[in-house]
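In: okay, predicted coordinates and the sequence, questions at the end:
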Amino acid sequence: AAFQERKGVCVLISVMDHVFKSLGGDAQYHVMLSTWLACFVDSAAASLDSPELSTLVGVLRTEPMKRVIRVCLSTIRILLSQERRQKELCEAVIEMKLPKVLNLIKQKKIKDIELEEDIEWLQKTLGH
């Protein structure tokens, strides 16, 4: 409860926004994994908006390790699954060029069923 009261998920996103590139691979993964876990709490997911989504899309552009990509895509999927905000958030990530980023990730032919499913779901949801 204290984590949510202090908007902990927003703090994690802020860490990603400011120092993610300078973190080692394991630290990047743990920050991303913590963000993903926090997003399973509806109020935490609802507290994230376009700026936070922009940070997540930015993480994908840094070409992180496969496991960071997987968790980041899954986090974006959770956020875009919010029915009452889906249209607004989908429009935002389209403007951030997420479909292009998804295509670039797909071209890498990473063998990971969950990652592939998330890409397919995101592309279908975004209409791309």
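Out: All right, it came through fine.

In: out of everything not next to it in sequence, what's closest to Ile76?
Out: Leu56 (5.5 Å; C-beta to C-beta, 6 or more residues apart in numbering). For the C-beta atoms, the positions are set from N, CA and C on the backbone; glycine is no exception.

In: so what's that neighbour up against?
Out: 13, 16, 72, 75-76, 79 (C-beta atoms under 8 Å, 6 or more residues apart in numbering).

In: ok, of those residues, which one's closest to Thr125?
Out: Ranked by distance to Thr125 (C-beta to C-beta), the contacts of Leu56 are led by Ile76 at 10.0 Å.

In: how about stretch 32-39: buried residues?
Out: 32-36, 38-39 (16 or more other C-beta atoms under 10 Å).

In: of those residues, which is the nearest to Lys66?
Out: For the buried residues of stretch 32-39, the nearest to Lys66 is Met32 (11.9 Å; C-beta to C-beta).

In: quick one: the helices in the protein, in order.
Out: Ranges of helices in the chain, per DSSP state H, are 2-5, 8-19, 25-38, 42-46, 50-61, 66-80, 86-95, 98-107, 113-126.

In: deepest of those helices, which one?
Out: Comparing the helices of the chain by mean neighbour count (mean count of other C-beta atoms under 10 Å), helix 66-80 ranks first with a mean of 22.
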